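Asks: model the structure of this input:
(chains A and B, ligands or ions: 1)
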Amino acid sequence: MQLTLEFGGGLELLCDSKKIHNVNVEIQNGEDKLTMKDLLSWVRTNLIKERPEMFMKGDTVRPGVLVLVNDCDWELSGQLNTSLEEKDVVVFISTLHGG
Amino acid sequence: MSSETQEAEASRIRRQINELKQERDTIDAKISELQSQLNHLHLKNGVVSNGGSSSHSSNALEPHMIYRYSRHLLLPSFGVQGQENLLNASILVVGAGGLGSPALLYLAACGVGRLGIVDHDVVELNNMHRQIIHTEAYIGQPKVKSAAAACRSINSTIQIVEHQEALRTSNALEILSQYDIIVDATDNAPSRYMINDCCVVLGKPLVSGAALGLEGQLTVYNYNGGPCYRCLFPTPPPTTACQRCADSGVLGVVPGIIGCLQALEAIKIAASVGEILSGRMLLFDALSARIRIVKIRGRSMQCEACAENTTFKQQQFQEFDYENFTQTPLSVGPLRLNLLATESRISSKEYSDIVHNKEPHVLLDVRPAHHFKIVSLTKSLNIPLSTLETRLPEISTALKKEEEQKGVASGSSAQLYVICRRGNDSQRAVQYLQKMGYTSAKDIVGGLESWAHNVDPSFPTY
Ligand SMILES: [Zn+2]
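Replies: The predicted model follows:
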């Protein structure tokens, strides 16, 4: 499944300082869809190069990270259970505090 | 009078003052509502508003105001009503820094009736690339004084209120309750939670902006049933994820843009025009020139601050420990680690003697490479802390080379000293180096800042 993943607010530093990643994620054998839960573990294995604890806590993102699926907060689409579709854009952004 | 009865009397008076203040706020709100209804009627019917004594006025604006704000009045979607609403509104900006600077300038210029500024800090030279409200003449002076003077010089017809103090749970309710709209232009996590919670218990809309590096974020919390900061971020992030401009850097214009957008949202709320950025968040990426506006969740039923059945009220707010909650101090003050035994540390003065006496040694600078490029001590070897693990052989080589050059007698060896910006990473590095067999490694207490302060005043700090 072709997806565009974007990292911002400093999270890009965990994946070679690259903000936009066009990726192809295979649906697991025996599954008929790809969920955000699957995608998170794929990202952790394939894109996060350092300090994974700055990205995830348990099986979800760490506090202070907003997840947006097609410009919409994943809370509105079912969080970890959100089903992804071809060409979806998923944004991971760390909240900023500076000023 | 015993001290107990005195205290009881004082708290009775305080209570009475608070009750009266609340009554006054209710009355003020009612008056401004009636005033705006009246103005509206006059506009519709063309009735003269100022007692009928003048032949030219059809609204509450005085001639000098009509001239000053004419370009607002000419906007069909803003007009006289928008400007009158603005003149009747009060806005508080917390933080007169990178975000607060442009926000305050625009809010003063546009004619907000009463504009409050909270800040406890003083103006510093390394603020000035982004905190554009301050001028060089105010370096060392309180930011509130400097910002208020700038606002007054732009618009002498509005009321500017100076709150020259740090916002704390003990004074936040009293300060915020005097304003209709709050602008969060602070720079740290505990302040953001504290201001949010205070706005929730007082029922005030909160225009929240943040900027770091080359990115900015903006949204309006607690507006018209929309979500609050805690609805989005119920658990504070780990402290390692809370970067500050002083450590990570920020391109000056980035908070400038976000601060302008904060002023815009505050003006829209005050004037009752347009669609407010509530339930949506604006994400700004300066490097790629991209602005994205995303839909965020609504008010959370589980939110500890704003859910309907919450027990979080003024008293709980005053007792809440925001520094403990976020594990971050409210006011700045750089971290000072103390990881090493005293015999593993030397002062910058002692190191200066070592250089002076030409004692054989290697100076290892563990700052990131882009810091090293700003300024460094002569003949220091830069190996950033994050790459130390893989580059240990370079240290051994450097030590050997130094021993050969200085003709160190066999049996003794060149010393290894470690430095960084403020003396925290150098301790982490020494801890690691000692574990890897460089047992005599020592860190220079206070880093390059101490060198500049105690040894060489001409050495640049940043
Ligand atoms: Zn809430």
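Asks: what distance separates the start and the end of stretch B:72-90?
Replies: 18 Å (CA to CA, to the nearest Å).
Asks: give the buried residues for that stretch.
Replies: Of all the residues in stretch B:72-90, those buried under the rule 16 or more other CB atoms under 10 Å in any protein chain shown are B:72-73, B:78-90. Backbone N, C-alpha and C define where each C-beta goes, glycine included.
Asks: so which bits of the stretch 201-350 of chain B are right by chain A?
Replies: Residues of the stretch 201-350 of chain B lying close to chain A (CB under 8 Å from any CB of the partner chain) are B:209-213, B:215-217, B:232-238, B:240-245, B:248, B:250, B:255, B:258-259, B:281, B:283, B:285, B:288, B:292-297.
Asks: for the stretch 251-400 of chain B, what lies in contact range of the ion?
Replies: B:C303, B:A305, B:C306 (CB under 5 Å from the ion).
Asks: with neighbour count, pLDDT and secondary structure as added columns, please give those in JSON lines.
Replies: Supplementary listing: those in JSON lines, determined by neighbours: other CB atoms under 10 Å in any protein chain shown; pLDDT from 0 to 100; DSSP: H, G, I helix; E, B strand; the rest coil:
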{"residue": "B:C303", "neighbour count": "19", "pLDDT": "97", "secondary structure": "coil"}
{"residue": "B:A305", "neighbour count": "24", "pLDDT": "97", "secondary structure": "coil"}
{"residue": "B:C306", "neighbour count": "25", "pLDDT": "96", "secondary structure": "coil"}
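Asks: please enumerate the helices of the stretch 301-450 of chain B.
Replies: For the stretch 301-450 of chain B, the helices defined by DSSP state H, counting those that start in this stretch cover B:314-319, B:322-326, B:348-356, B:369-374, B:392-406, B:425-435, B:447-450.
Asks: packing partners of the fourth one?
Replies: It refers to helix B:369-374. Under the contact criterion of 3 or more CB pairs under 8 Å, 6 or more residues apart in numbering or on different chains; DSSP states H and E, helix B:369-374 touches no helix or strand at all.
Asks: picking up where we left off before, and which of the buried residues of stretch B:72-90 is nearest to B:K145?
Replies: B:S90 (20.1 Å; CB to CB).
Asks: quick check: that closest one vs B:G113, distance?
Replies: Look at B:S90 and B:G113: by CB to CB, to the nearest Å, they are 6 Å apart.
Asks: likewise for A:E26?
Replies: Distance from A:E26 to B:G113, by CB to CB: 61 Å.
Asks: ok, those two, which is more surrounded?
Replies: B:G113 (18 against 10; other CB atoms under 10 Å in any protein chain shown).
Asks: what's the nearest residue to that one once chain neighbours are set aside in contact with, if anything?
Replies: Among residues not flanking B:G113 along the chain, B:L87 sits closest, at 4.8 Å (CB to CB, 6 or more residues apart in numbering or on different chains). By CB atoms under 8 Å, 6 or more residues apart in numbering or on different chains, B:L87 lies in contact with B:L61, B:M65, B:G111, B:V112, B:G113, B:I158.
Asks: report the two of these separated the most.
Replies: Farthest pair in the contacts of B:L87, by CB to CB: B:L61 and B:V112, 14.7 Å.
Asks: neighbour count winner among those two?
Replies: The neighbour comparison of B:L61 against B:V112 (other CB under 10 Å) goes to B:V112, with 31 against 20.
Asks: looking at that one now. What's its pLDDT?
Replies: pLDDT for B:V112: 97.
Asks: just give the closest residue to B:G256, not the sequence neighbours.
Replies: In space, B:G256 is closest to B:P102, 5.1 Å off (CB to CB, 6+ apart).
Asks: and what of B:C198?
Replies: Using CB to CB, 6+ apart, the closest residue to B:C198 is B:A172 (4.5 Å).
Asks: quick one: that neighbour is in a helix?
Replies: Yes. Secondary structure of B:A172 (DSSP: H, G, I helix; E, B strand; the rest coil): part of a helix.
Asks: just give the number of residues close to the closest residue to the ion within chain A.
Replies: Nearest to the ion in chain A, going by CB to the ion, is A:E75, at a distance of 12.6 Å. The number of residues packed near A:E75 is 17, by other CB under 10 Å.
Asks: ok, B:P234 next?
Replies: The burial count for B:P234: 13, using other CB under 10 Å.
Asks: repeat for B:T157
Replies: 13.
Asks: re earlier: out of the buried residues of stretch B:72-90, which sit inside helices?
Replies: Among these, the ones falling in helices (DSSP state H) are B:H72, B:L73, B:G79, B:V80, B:Q81, B:G82, B:Q83, B:E84, B:N85, B:L86, B:L87.
Asks: give me every residue that touches the first one.
Replies: Which is B:H72. B:F78, B:G79, B:G82, B:Q83, B:L86, B:C110, B:G111.
Asks: I'd guessed B:T328 sits against B:C242; true?
Replies: Yes. Between B:T328 and B:C242 there is a contact under CB atoms under 8 Å: 6.2 Å.
Asks: any residues in contact with both of those two?
Replies: By CB under 8 Å, 6+ apart, the residues touching both B:T328 and B:C242 are B:N188, B:A189.
Asks: comparing these two, which residue is more hemmed in?
Replies: B:C242 (25 against 19).
Asks: now the more buried one: phi and psi?
Replies: phi -100, psi 80 (degrees, to the nearest 10).
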